[in-house]
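Enquirer: Model the following, please.
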Amino acid sequence: MRHPTPSPLARLQALAEDAAQCQRCPLWQHATQTVWGEGPPRARLMLVGEQPGDKEDLEGRPFVGPAGQLLDRALEALGWPRDELYITNAVKHFKFELRGKRRMHKTPAQREAEACQLWLDGEIALVKPKAVVALGGTATRALLGKAVPVLANRGQWLPRADGLPVLVTLHPSALLRLRGEDRELAFAQWLTDLRVADSHRA
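Expert: Got it, this is the predicted structure:
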């Protein structure tokens, strides 16, 4: 008797359960939990960030902290419903250093990102997006397999080895470091980058 093939959603859930037990690098030791991607199992557009932040680590969902709020503002401006996108991170555990009682973000090392590579590749293989947006340098390296200068390539499509087009742009946290008019100008430029992916979303 043949068993039915698991649905993409069931396969993603199974992969997420495997990732929740991951100890391939030391980051799991101090993180609250693995933060998996979320979105439709057949989303046409995938957004990939760097790693969970403090709030994401506590809630177990990607892009729900300050950077996520800025991303939500961008999605609203673009007319991209968040629930139509698959949103994830290259690294699934929060890397931080303590400053007093605050947990401050620390950029993942290359070996830590490489340890998470099979989870990101698994998400891409199951979701089968039409295109991917790389938010920042860590995501760009994880998606393209090499270091790519983000500022020199922002707003441009670069192909993965498997042919999947990757749009390179800034991580929203880069905009959070700016203030006032500088942030608003940077936000408008960021929207211009993201809008390049509009044709791949429909």
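Enquirer: ok, residues contacting the lowest-mean-pLDDT helix or strand in the chain?
Expert: Ranked by mean pLDDT, DSSP states H and E, the weakest helix or strand in the chain is helix 198-201, scoring a mean of 84. With contacts defined as CB atoms under 8 Å, 6 or more residues apart in numbering, helix 198-201 is touched by Arg44, Leu45, Leu78, Trp80, Glu84, Leu85, Lys130, Ala131, Pro165. Placement of C-beta: from N, CA and C, glycine included.
Enquirer: from those residues, which ones fall inside helices?
Expert: Leu78 (DSSP state H).
Enquirer: Please list only the buried members of the contacts of helix 198-201.
Expert: Arg44, Leu45, Trp80, Leu85, Lys130, Ala131 (16 or more other CB atoms under 10 Å).
Enquirer: Would you format those as a markdown table with pLDDT included?
Expert: Shown next, in a markdown table, are those (pLDDT from 0 to 100):
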| residue | pLDDT |
| --- | --- |
| Arg44 | 96 |
| Leu45 | 98 |
| Trp80 | 96 |
| Leu85 | 97 |
| Lys130 | 97 |
| Ala131 | 97 |
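Enquirer: Those: which two are farthest apart?
Expert: Trp80 and Lys130 (13.6 Å; CB to CB).
Enquirer: Find residues that contact each of those two.
Expert: Contacts common to Trp80 and Lys130, judged by CB under 8 Å, 6+ apart, are Leu45, Arg201.
Enquirer: Output the contacting helices and strands for the helix or strand where Asp193 lies.
Expert: Assigned by DSSP states H and E, Asp193 belongs to helix 180-195. Packing partners of helix 180-195 (3 or more CB pairs under 8 Å, 6 or more residues apart in numbering; DSSP states H and E): helix 66-78, strand 165-169, helix 172-176.
Enquirer: ok but Met104 is inside a strand, no?
Expert: Yes: residue state for Met104 (DSSP: H, G, I helix; E, B strand; the rest coil) corresponds to a strand.
Enquirer: Per-residue pLDDT of it, please?
Expert: Looking at Met104, its pLDDT is 86.
Enquirer: In contact with it, which residues are there?
Expert: Here Met104 is in contact with Phe96, Glu97, Leu98 (CB under 8 Å, 6+ apart).
Enquirer: now it: how far from His30?
Expert: According to CB to CB, to the nearest Å, Met104 stands 13 Å off from His30.
Enquirer: in stretch 6-22, what's buried?
Expert: Those would be Leu12, Leu15, Ala16, Ala19, Cys22, for stretch 6-22 by 16+ other CB under 10 Å.
Enquirer: Reformat those residues as JSON lines; add distance to Pro4, pLDDT and secondary structure.
Expert: Output for the buried residues of stretch 6-22, formatted as JSON lines (distance: CB to CB, whole Å; pLDDT from 0 to 100; DSSP: H, G, I helix; E, B strand; the rest coil):
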{"residue": "Leu12", "distance to Pro4": "16", "pLDDT": "94", "secondary structure": "helix"}
{"residue": "Leu15", "distance to Pro4": "18", "pLDDT": "95", "secondary structure": "helix"}
{"residue": "Ala16", "distance to Pro4": "20", "pLDDT": "95", "secondary structure": "helix"}
{"residue": "Ala19", "distance to Pro4": "24", "pLDDT": "95", "secondary structure": "helix"}
{"residue": "Cys22", "distance to Pro4": "28", "pLDDT": "94", "secondary structure": "coil"}
